[in-house]
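Novice: Model the following, please.
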Amino acid sequence: MIHPLRRLSRSALAGLAEALRAGRVGPPFSRSTLAAYVPDRHLDLVRDALADLGSQGMTPRLLASTLELLAEERAAGQRMSDRVQLVWSPPELDLVDARDTAVVVQDLFRSAKHSVLIASYALDGGTKAQVLFGALASRMDAQPSLEVRVYANIHRNYLDETPASVIVRQFAVRLRDQVWPGERLPEVFYDPRSVEPHGQQRAVLHAKCVVVDERWTLLTSANFTEAAQERNIEAGVVIDDQPFAERMRQQFEGLVEAGTLRKLAM
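Specialist: Next up, the predicted model:
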């Protein structure tokens, strides 16, 4: 059961705390004195709760301190909810006013000042890649300080016995010639297990995310393909939180340092 004081808004908590400190509200608590600070629907429950806490030895100043802490926590929670946004595609199937995946991705790319991390299981090529990466590639060419890292899966087809080194080299050529539309190439990393010839030893890089300037993080089910960002039903979340973004970046960099992910020779 939710405590009556937790039902109050941040502003109501702060106002009631200030009234308790100033002596405008105090025991014995009455509806008439609380009415200026507490919504009518909560009056009786809040009055009873304050009376109960008072009977346990809490003075008006202690009650005020408790309400101020609740108000502070409520404000922090509100700030976090403002920093977390639902992301969805396709936009025509959005029923709750979520942000469009393709729009969020391009907004993040346009806002980048010094670093972009991209992880994707699949990457489109050709004209589709131009739409996906063109703006970022142009900014990367124009701003030498902008660093872009791509963590991508290299796919081995079923029953394909091509040597792993050949598959990796073919992927590098495709990425350079068909996927990345800029002159300056990003650093690219892959999981060597994805090209293992034996299925029981194979694993794929299936993560899909974008981290920009160690501040914004997009976690999504959508790959960097036109279908995923425009037609498929995909869900994600974009988070404006620096510690979270830093941990995500550190996670990928730790895998590189440990040798789990390997840099692609371009």
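Novice: Tell me which helix or strand in this structure has the weakest average pLDDT.
Specialist: Least confident element among the helices and strands of the chain, by mean pLDDT, DSSP states H and E: helix 60-83 (a mean of 84).
Novice: from the chain's centre, how far out does that helix sit?
Specialist: Centre-to-centre, helix 60-83 and its host chain are 24 Å apart (C-alpha atoms, centre = their mean, to the nearest Å).
Novice: Also stretch 216-234?
Specialist: Taking the mean C-alpha point of stretch 216-234 and that of its whole chain, the gap between them comes to 14 Å (C-alpha atoms, centre = their mean).
Novice: Give me the contacts around it.
Specialist: Identification of contacts with stretch 216-234 by C-beta atoms under 8 Å, 6 or more residues apart in numbering yields 87-90, 93, 101-102, 104-105, 108, 111, 118, 120-124, 128, 131-133, 208-211, 235-241, 244-245, 248. Where you see a C-beta, it was placed from the backbone N, CA and C, and this is true even at glycine.
Novice: Just the CA atoms of the least confident helix or strand of the chain, as CSV, please.
Specialist: Below are the C-alpha coordinates for helix 60-83, written out as CSV (Å, rounded to 0.1, in the frame of the first residue of the first chain):
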residue,chain,number,x,y,z
PRO,A,60,7.2,19.3,13.0
ARG,A,61,10.9,20.0,12.1
LEU,A,62,11.6,16.3,11.6
LEU,A,63,8.4,16.0,9.6
ALA,A,64,9.5,18.9,7.5
SER,A,65,12.9,17.3,6.9
THR,A,66,11.3,14.0,5.9
LEU,A,67,9.0,15.8,3.4
GLU,A,68,11.9,17.7,1.9
LEU,A,69,13.8,14.5,1.3
LEU,A,70,10.7,13.0,-0.4
ALA,A,71,10.4,16.1,-2.5
GLU,A,72,14.1,15.9,-3.5
GLU,A,73,13.7,12.3,-4.4
ARG,A,74,10.6,13.1,-6.5
ALA,A,75,12.5,15.8,-8.3
ALA,A,76,15.4,13.5,-9.1
GLY,A,77,13.0,10.8,-10.4
GLN,A,78,11.3,13.4,-12.6
ARG,A,79,14.6,14.5,-14.0
MET,A,80,15.5,10.9,-14.9
SER,A,81,12.1,10.3,-16.5
ASP,A,82,12.7,13.4,-18.7
ARG,A,83,16.1,11.9,-19.7
